[in-house]
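A structural model of the following input is requested.
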Amino acid sequence: MSNDSITIKKPFDAHVHFRRGAMLRAVAPISAQKFSAAIVMPNTDPPIETIEQAAEYKKEILAAFPAGNTFNPLMTFYLTKNLKPEEIEKGLSNGVYAVKYYPYGATTNSQWGFRDILEAKELLSEMERAGMPLLLHGEVHVDESENEVDPYQGEKQFIESVFPRLLEQYSDLKISLEHLSTKIAAEFLEKNGETGKLVATVTPHHLLYAREDVEDKPLLRCKPLIKSASDREKVRGLVAEGLPFLSAGTDSAPHPESKKFASPAAFGVFNSPVAIELYTQVFDELNALDKLEEFLSINGPRFFGIEPSKETITLVKNDWQVTEPVVTDEGVNVWPIAHKEHGLGNETIHWQIAI
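Numbering: from 1, shown residues only. As a prediction, the model looks like this:
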């Protein structure tokens, strides 16, 4: 490693959305080029709730890659009322690595989720018994009176009122708090995180941007919402510590141009074309490049019992800009974050993967 070059094991994405059909065929090969493997989210339409559905989805993903590609898509179930406990134990031996919780109505395709994670007692008990990890979208979307919670306060309310009860009731459950985005969540993980037991993922956009900058930028509208500068600085400080229970989860979530430039814009940030480069830029800014490989390439695989990649990638310090969309085979534009025109405005990325 030098001041302008770093070689690391090929990264692992602990949280990615591929969608289905033409969108999948356009975006999945980008992740497969840049990452060794990824935990694939199950909030497709219809959702992934059975081994058969997971296998079918994996087959569709693999079909999108060129011959010889070694990328490994790791499948998940969606925590719905239709998910059967028996699927959980069978899933562990059939290529299903986790179960994802979405609060009902909180984000894209979350209409099948429980309103409160603690309602899923039978499923959580079976996951705890079987050793199946729970991936948490850790926000409260509606309160006990069915009133919608301020979306900027949803993660805070979850950490304060729900998470401690979940951990107490299911003390042996393996949990990943996904896309951590607030000061209070960072402080909670800093105190309570434990390798193999309670971990968290962090996105590039929650490390890079602040609410004050992005509220009118449709490409950066996502759930959880991008929070204040003070929240961002605490999350940045947390990853700079090099803690073994924090890892990269891009939460790359593509939408067609028609939905991202609608009013309101669809929730979801498409960052897979630039995620590794932006993570590297942030770690460089934090003088923590020596912590980058564990965050990007080692901590995530460790939690899911996967060997880190034996391949490596090299990143070099080189300024460049995103100037084009990704285009599906149906001619639909999908715009990455940090785009020169549609991002914050004339953004420049300072690191690039060497070809």
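
beta partners for the closest residue to residue 325 other than its chain neighbours?
Nearest residue to residue 325, sequence neighbours excluded (C-beta to C-beta, 6 or more residues apart in numbering): residue 333, at 4.0 Å. (Glycine included, C-beta is placed from N, CA and C.) Counting by DSSP bridges, residue 333 is bridged to residue 327.

so how far is residue 339 from residue 333?
11 Å (C-beta to C-beta, to the nearest Å).

ok, the two, which is more surrounded?
Neighbour totals were compared for residue 333 and residue 339, and residue 339 leads with 20 against 15 (other C-beta atoms under 10 Å).

what is that one paired to in the beta sheet?
residue 322.

distance of it from residue 61?
For residue 339, the distance to residue 61 - C-beta to C-beta - is 25 Å.

next: residue 161.
For residue 161, the distance to residue 61 equals 37 Å [C-beta to C-beta].

again with residue 79
Counting by C-beta to C-beta - residue 79 and residue 61 are separated by 21 Å.

could you check which of the two is surrounded by more residues?
residue 79 (28 against 23).

my guess is the more buried one contacts residue 115. True?
No. The pair residue 79 / residue 115 is not scored as a contact, 11.9 Å apart, by C-beta atoms under 8 Å.

all helices in this structure, in order from the N-terminus.
21-34, 51-63, 85-92, 121-130, 154-157, 163-169, 183-192, 204-208, 211-214, 229-240, 257-260, 275-285, 292-293, 299-304 (DSSP state H).

now tabulate these in CSV and tack on distance to residue 137.
Putting the helices of the chain into CSV (distance: least, C-beta to C-beta, whole Å) gives the following:
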stretch, distance to residue 137
helix 21-34, 20
helix 51-63, 19
helix 85-92, 18
helix 121-130, 15
helix 154-157, 9
helix 163-169, 12
helix 183-192, 12
helix 204-208, 14
helix 211-214, 19
helix 229-240, 17
helix 257-260, 20
helix 275-285, 19
helix 292-293, 26
helix 299-304, 17
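
residue 231 and residue 181 touch, don't they?
Yes. Between residue 231 and residue 181 there is a contact at 6.6 Å, judged by C-beta under 8 Å.

out of these two, which sits in the more crowded spot?
Between residue 231 and residue 181, counting by other C-beta under 10 Å, residue 181 is the more crowded of the two (29 against 23).

show me what contacts the more buried one?
155, 203, 206, 224-227, 231, 235 (C-beta atoms under 8 Å, 6 or more residues apart in numbering).

relative to residue 93, which of these is nearest.
Nearest to residue 93 among the contacts of residue 181, counting by C-beta to C-beta, is residue 203 at 30.7 Å.

which non-adjacent residue is nearest that closest one?
Nearest to residue 203 is residue 251, by C-beta to C-beta, 6+ apart, at 4.7 Å.

same deal with residue 98?
Excluding its sequence neighbours, the residue lying closest to residue 98 (C-beta to C-beta, 6+ apart) is residue 133, at 4.3 Å.

wait, the one you found sits on residue 174?
Yes. Judged on C-beta under 8 Å, residue 133 makes contact with residue 174 at a distance of 4.1 Å.

joint contacts of those two?
residue 303.

can I get the contacts of residue 181 in CSV with pLDDT?
Converted to CSV, the contacts of residue 181 look like this (pLDDT from 0 to 100):
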residue, pLDDT
155, 96
203, 98
206, 98
224, 96
225, 96
226, 97
227, 97
231, 98
235, 98
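
looking at the residues you listed, which is nearest residue 344?
Closest approach to residue 344 among these (C-beta to C-beta): residue 226, at 11.4 Å.
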